[in-house]
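Trainee: using only what follows, build the 3D model:
(one chain, ligands or ions: 1)
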Amino acid sequence: MAETGMVPVFYNADLATCKNVLKACYDGGVRVFEFTNRGDFAHETFGELNKWAAKETPEMMLGVGSVVDAGTASLYIQLGASFIVSPVLKPDMAKVCNSRKILWSPGCGSLSEINYAEELGAEVVKIFPATQVGGPEFVKAVKGPCPWTSIMPTGGVEPTEENLKPWFDAGVACVGMGSKLFPTNLIKEGKWEELAAGVREAMAIVQR
Ligand code: 3PG
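Mentor: Prediction:
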């Protein structure tokens with residue numbers, strides 16, 4: 001996560017769309033991708049996507065986000081998730097992920113939650129919803145007393161220099177990005193090359 005600096009966050013019920021988006025991200029330089037658990041049959045889509053990804057995007061680490069309970073975390077780990085992301089902080093999810101040696105990134109919105117998450121074994125803490133929680137100023141404030149904390153803000157992050165620079169200046173390890181990275185019209189119209197170009201540009205900004 002820290003190496004590439006960006007974790008795209010995406011869900012679509014249609015498997016073919018998911019494959020195309022994953023491939024566009026891969027072509028754009030992404031190597032860590034968060035599929036979100038947003039639909040009733042999301043786990044079935046993920047299972048298929050993960051099998052396909054092993055052949056077509058072999059260097060991609062494919063994880064699952066929007067997981068809010070231990071049972072669902074366990075299901076996705078069985079289906080091959082490389083990591084689990086959650087918008088919330090739940091000790092029983094930590095147990096499931098730690099016992100399977102799967103990286104787990106819980107959602108936190110305060111220093112106490114961050115500290116507790118680290119006690120529970122979180123290596124990367126997701127600040128969510130990052131913009132509303134306090135933006136880069138919040139990250140700066142956290143990094144003062146806890147300089148060791150690896151932070152991934154998600155929620156409202158945009159693929160522009162103006163938006164990304166303050167996050168990285170504040171010391172985030174990487175950013176999570178969903179809606180702004182995946183314009184609805186490009187997805188609907190299947191403009192995968194254009195999508196890959198946007199992702200590549202976002203990666204270039206992040207690397208800078
Ligand atoms: C998430 O799924 O974690 C976030 O909702 C993604 O947020 P964004 O669409 O604002 O980037």
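
Trainee: how about the helices of this structure, start to end?
Mentor: Remark: helices of the chain, listed N- to C-terminal, are 15-27, 42-56, 70-78, 91-99, 111-119, 130-133, 135-143, 161-170, 184-189, 192-207; assignment by DSSP state H.

Trainee: buried set for the third one?
Mentor: The reference is to helix 70-78. Of the residues in helix 70-78, those with enough neighbours to count as buried (16 or more other Cβ atoms under 10 Å) are 70, 72-77. Yep, even glycine has a C-beta here, placed from its N, CA and C like the rest.

Trainee: for the first one, same thing?
Mentor: Going by neighbour count (16+ other Cβ under 10 Å), the buried part of helix 15-27 is 17-27.

Trainee: if we can go back for a sec, possible to save the helices of the chain as JSON lines with mean pLDDT and distance to Thr149?
Mentor: As requested, the helices of the chain are exported to JSON lines (pLDDT from 0 to 100; distance: least, Cβ to Cβ, whole Å):
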{"stretch": "helix 15-27", "mean pLDDT": "98", "distance to Thr149": "26"}
{"stretch": "helix 42-56", "mean pLDDT": "98", "distance to Thr149": "29"}
{"stretch": "helix 70-78", "mean pLDDT": "98", "distance to Thr149": "22"}
{"stretch": "helix 91-99", "mean pLDDT": "98", "distance to Thr149": "16"}
{"stretch": "helix 111-119", "mean pLDDT": "97", "distance to Thr149": "6"}
{"stretch": "helix 130-133", "mean pLDDT": "96", "distance to Thr149": "14"}
{"stretch": "helix 135-143", "mean pLDDT": "98", "distance to Thr149": "6"}
{"stretch": "helix 161-170", "mean pLDDT": "98", "distance to Thr149": "12"}
{"stretch": "helix 184-189", "mean pLDDT": "97", "distance to Thr149": "34"}
{"stretch": "helix 192-207", "mean pLDDT": "98", "distance to Thr149": "19"}
